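# any chance you can model this:
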Amino acid sequence: MPQTVDQFGTACRAALKAEPGPAGRQKVCTLLKEVLTDDQFIKANFNDNTPERQILYEDPELGFCVLAHQYKGPKESSPHDHAHSWAIYGQVAGETAMSDWELISPASADKPGKVKHKSKYKLTPGIAHVYNEGDLHSPSRVGPTRLIRIEGTNMEKVKRFKFEPV
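Numbering: from 1, shown residues only. Sure, this is the predicted structure:
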């Protein structure tokens with residue numbers, strides 16, 4: 001059944017309130033997989049002018065955000081976490097090569113942390129993945145991609161530390 005972004009946000013809130021923590025996030029991940037294949041939902045939230053980061057929904061009670069991301073060409077990110085928050089990435093179109101990293105030494109405000117490569121996998125249309133607090137990852141895109149990402153809090157307001165591969 002097609003749904004709006006507000007209906008999706010409300011369903012995510014219900015899942016997170018019923019089961020705070022990783023179990024609720026897995027339920028949100030399942031909800032996300034459903035909208036990743038909902039053509040009407042995607043058409044309503046993406047177009048040729050969708051920017052790299054666009055907040056579609058920010059929950060007034062729990063503070064999580066649902067975002068549309070559109071990358072028109074290649075883009076690679078350094079290893080990172082989401083500080084005290086979590087994120088769920090869901091692939092709409094294109095492909096993202098995702099790497100997971102193991103923490104070797106923690107980061108601080110004055111020095112980057114050190115990480116070691118752990119694994120690599122692909123996010124393809126319809127695939128979603130949860131990254132809990134402290135999970136280190138790095139996405140890489142070789143061509144145009146679209147994804148929906150859910151952040152536990154608006155990451156534009158969060159200071160994050162840097163990490164370097166060893």
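# name the residues that touch stretch 78-86?
25, 99, 101, 115, 130-138, 151-153, 155, 158-165 (C-beta atoms under 8 Å, 6 or more residues apart in numbering). Just so you know, the C-beta spots here come from the backbone N, C-alpha and C atoms, and that holds for glycine as well.
# buried ones in that stretch?
For stretch 78-86, the neighbour count (16 or more other C-beta atoms under 10 Å) marks 79-82, 85-86 as buried.
# now, which of those sits nearest Glu52?
Closest approach to Glu52 among the buried residues of stretch 78-86 (C-beta to C-beta): His80, at 15.5 Å.
# that closest one pairs with what?
Residues in a beta bridge with His80, per DSSP bridges, are His137.
# also Gln54?
With DSSP bridges as the rule, Gln54 is bridged to Ala68.
# returning to that earlier point: just send the buried residues of stretch 78-86 back as a markdown table, with distance to Ser108 and pLDDT too.
Shown next, in a markdown table, are those (distance: C-beta to C-beta, whole Å; pLDDT from 0 to 100):
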| residue | distance to Ser108 | pLDDT |
| --- | --- | --- |
| Pro79 | 16 | 96 |
| His80 | 15 | 95 |
| Asp81 | 14 | 93 |
| His82 | 17 | 91 |
| Ser85 | 18 | 95 |
| Trp86 | 21 | 97 |
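# closest to Pro20 out of those residues?
Taking the buried residues of stretch 78-86 together and measuring to Pro20 by C-beta to C-beta, the closest member is Trp86, at 11.1 Å.
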